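In: Coordinates only, no sequence provided:
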């Protein structure tokens, strides 16, 4: 769920491969955060209508669909719709049901809620190294030329 906050890892790659400006990429992240916040409120009540495991699976599947849209579209509109709207909404639903389910616990509600929030916030810390390797590999496979020696010493990701 917290992979939403790993967005900065992809900035340089999108600037390079899609030739987008930082302001365009900021709009994608801002859209994802806005949709996340709005949908999180709705997601917290979904377990009243559907079983919580089903909502969690649907949230994960829709997040995967959003990322697939980003990967296969290769356009700014696909990035905005796939990551900004679909992925942002999916993460919002997942986070909403996680926190609301923690409140159903008979004991240690505060501890359980704190662990969920901490897991959400620390996901990018553990995920970032893996994502950086993946982005670097995909960049090196996508570039039609080998970087010259002066560029090879420069890090690909900021």
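Out: Yes, it's here. Since the structure is predicted, the reported quantities are computational estimates derived from the model, not experimental observations. Numbers count the residues shown, from 1 in each chain.
In: From here on, just use CA atoms for contacts and neighbour counts.
Out: Noted.
In: low pLDDT regions in the protein?
Out: Across the chain, the ranges flagged by pLDDT under 70 are 1, 43-44, 131, 134-158.
In: What separation do you get for residue 64 and residue 132?
Out: Residue 64 sits 19 Å away from residue 132, going by CA to CA, to the nearest Å.
In: Next: residue 28.
Out: 19 Å.
In: cool, residue 71 as well?
Out: Computed as CA to CA, the residue 71 to residue 132 distance reads 16 Å.
In: Which neighbouring elements make contact with the lengthiest helix in the chain?
Out: The longest helix of the chain (DSSP state H) is helix 109-142. If contacts are counted by 3 or more CA pairs under 8 Å, 6 or more residues apart in numbering; DSSP states H and E, helix 109-142 sits against helix 8-17, helix 88-102.
In: To residue 45, which of those helices lies closest?
Out: Across these, residue 45 has its closest neighbour in helix 88-102 (7.2 Å, CA to CA).
In: Need the residues that contact that closest one.
Out: With CA atoms under 8 Å, 6 or more residues apart in numbering as the test, helix 88-102 has contacts from 1-2, 4, 31-47, 52, 55-56, 59-60, 62-63, 109, 112-113, 116-117.
In: In helices, which of the residues you listed appear?
Out: 31-43, 52, 55-56, 59-60, 62-63, 109, 112-113, 116-117.
In: Residue 78: what's it in contact with?
Out: Contacts of residue 78 were listed using CA under 8 Å, 6+ apart, and they are 69, 70.
In: just to confirm, which helix or strand has it in it?
Out: Using DSSP states H and E, the element containing residue 78 is helix 76-79.
In: mind checking how far that helix is from the chain centre?
Out: Per CA atoms, centre = their mean, to the nearest Å, the displacement of helix 76-79 from the mean C-alpha position of its chain is 15 Å.
In: Can you give me the buried ones in that helix?
Out: Neighbour-count burial for helix 76-79, with 16 or more other CA atoms under 10 Å as criterion, is recorded at 76, 78, 79.
In: just stretch 11-22 next, same as before
Out: Quick answer for stretch 11-22 (16+ other CA under 10 Å): 11, 12, 13, 14, 20.
In: Check the secondary structure at the last one for me.
Out: Classification of residue 20 into helix, strand or coil gives coil, according to DSSP: H, G, I helix; E, B strand; the rest coil.
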